[in-house]
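Visitor: What follows is a predicted protein model with its sequence.
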Amino acid sequence: MGREINQYDIFWVSLDPTMGSEIAKKRPGVVVSPNELNEHLRTIIIAPLTSTIKNYPFRVNCAVGGKQGSIALDQIRTIDKARISTYMGHLRPSEIESVKSVLMEMFS
């Protein structure tokens, strides 16, 4: 993959194989790792998106490619960059602020 990877970019990611209750299959994922890590490591930290919208406090609603979805911040994981493929876009500023707020709450 030759494209630069930035925090809050959205890519198609392949999450299989998984175990148990982990979100599986190929789906959009939001890069939550900071740009400095994204530049220097062969891994990135992502939060998968799901089309199943649940009113959980650790999920952030967003729209990607005209479809509504939820960023599953309770399912963040580190993946190798080899698992990413097509660039899909970037979160809107309001979505970024919501993601930051939820992550701060989760890890404070």
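Guide: Done, it's in. Numbering: from 1, shown residues only.
Visitor: Mind pulling up the pLDDT for the residue nearest to the spatial centre of the chain?
Guide: Geometric centre of the chain, nearest residue: residue 30, 2.3 Å, by C-alpha atoms, centre = their mean. We have a pLDDT of 99 for residue 30.
Visitor: That one touches residue 99, doesn't it?
Guide: Yes - using C-beta atoms under 8 Å, residue 30 is in contact with residue 99, at 7.2 Å. (Each C-beta comes from the backbone N, C-alpha and C, glycine too.)
Visitor: Distance-wise, check the residue lying farthest from the centre of the chain relative to residue 100.
Guide: Centroid-distance maximum for the chain: residue 108 at 19.9 Å, with C-alpha atoms, centre = their mean. Between residue 108 and residue 100 the computed distance is 12 Å (C-beta to C-beta, to the nearest Å).
Visitor: ok, residue 90 - contacts?
Guide: Residue 90 is in contact with 6, 8-10, counting by C-beta atoms under 8 Å, 6 or more residues apart in numbering.
Visitor: and the gap between it and residue 23?
Guide: Distance from residue 90 to residue 23, by C-beta to C-beta: 21 Å.
Visitor: Please apply the same query to residue 13.
Guide: Counting by C-beta to C-beta - residue 13 and residue 23 are separated by 10 Å.
Visitor: So if I had to pick from the two, which one is more boxed in?
Guide: residue 13 (23 against 17; other C-beta atoms under 10 Å).
Visitor: Excluding chain neighbours, what is closest to that one?
Guide: residue 29 (3.8 Å; C-beta to C-beta, 6 or more residues apart in numbering).
Visitor: Where does that neighbour fall, secondary structure wise?
Guide: strand 26-31 (DSSP states H and E).
Visitor: Check which residues of that strand are buried.
Guide: 27-31 (16 or more other C-beta atoms under 10 Å).
Visitor: what's it in contact with?
Guide: 5-16, 38, 44-50, 62, 64, 69, 71, 79, 84-85, 88, 91, 99.
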